[in-house]
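Enquirer: how would this look folded up:
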Amino acid sequence: MKLRIMIVDDHRMFREALHHLLARDPEIEVVAEAANGIEALARATETRPDVVCMDVHMRGLNGIEATRRLVAAQPGVRVIGLSAYADRQYALEMCEAGAVGYVTKGEAGDELLRAIRAGAARQSYFSPEIAAAMADLVPTTAALGSYSPVQLDLREQEILQLLAEGCSLREVAEALSTEECLVEAYRANILRKLGLGSNATLADYVKE
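Expert: This next block holds a predicted model:
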């Protein structure tokens with residue numbers, strides 16, 4: 001069964017370009033487009049998409065509030081934020097509204113396809129530019145003893161260790177006094193850096 005996608009963006013040419021890009025993938029079907037937040041809510045009710053690619057900056061009802069309302073009305077939908085800017089504050093607000101991923105429009109090629117597939121699989125995905133912009137929002141507490149994989153910075157090591165110990169995203173967020181969506185961003189980036197696929201493999205990695 002194909003993934004049902006809705007594109008929300010107030011620039012018609014960008015919507016058309018994105019539609020063309022996604023339509024080339026045999027596993028994806030673009031079922032709706034919308035030019036603003038209000039239209040997006042109506043079209044989502046009509047078409048029930050699996051994943052919504054949501055522009056953050058729109059006149060009237062912006063992408064953040066539209067995401068909040070959409071997720072409340074359709075808890076199963078997965079929203080990927082889209083923005084021309086790698087702005088960590090907007091990314092954070094989209095996460096808090098219920099988005100599971102965030103990609104800059106400049107990366108809206110393979111990165112967006114990865115985000116869509118991750119979202120459909122109930123995982124989060126943040127493109128490298130966004131993950132880097134959000135990196136210093138999670139406070140570092142202590143070093144991890146003798147464990148220091150060269151691919152990860154100290155903050156990523158700490159989150160990796162907690163996840164590998166079996167902590168949930170919420171528990172990691174509480175331990176680090178931060179937002180759960182930020183931990184999701186880090187988790188996605190760690191998995192991508194290490195080429196791993198789950199928290200179980202994270203545990204195996206730490207043991208090596």
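Enquirer: what about the residue nearest the centre of the chain, distance to Cys53?
Expert: The C-alpha lying nearest the average C-alpha coordinate of the chain belongs to Gly101 (C-alpha atoms, centre = their mean; 1.0 Å). Applying C-beta to C-beta, to the nearest Å, the value for Gly101 to Cys53 is 9 Å. (C-beta placed from N, C-alpha, C; glycine too.)
Enquirer: do the same with Asp25
Expert: In terms of C-beta to C-beta, Asp25 sits 13 Å off from Cys53.
Enquirer: ok so, going back, overlap of the contact sets of Gly101 and Cys53?
Expert: When C-beta atoms under 8 Å, 6 or more residues apart in numbering defines a contact, the residues bordering Gly101 and Cys53 alike are Ile80.
Enquirer: hang on, the earlier thing: which residues does the residue nearest to the centre of the chain bridge with?
Expert: Ile80, Tyr125 (DSSP bridges).
Enquirer: report pLDDT for the closest residue to Cys167 other than its chain neighbours.
Expert: Nearest residue to Cys167 in three dimensions, chain neighbours excluded: Ala175, at 7.0 Å (C-beta to C-beta, 6 or more residues apart in numbering). With respect to pLDDT, Ala175 scores 87.
Enquirer: same check, this time on Cys167
Expert: For Cys167, the predicted pLDDT is 86.
Enquirer: mind checking the SS state of it?
Expert: Assigned by DSSP: H, G, I helix; E, B strand; the rest coil, the conformation of Cys167 is coil.
Enquirer: against Glu180, how distant is it?
Expert: 12 Å.
Enquirer: same check on Thr67?
Expert: Thr67 is 16 Å from Glu180, by C-beta to C-beta.
Enquirer: that'll do, ta.
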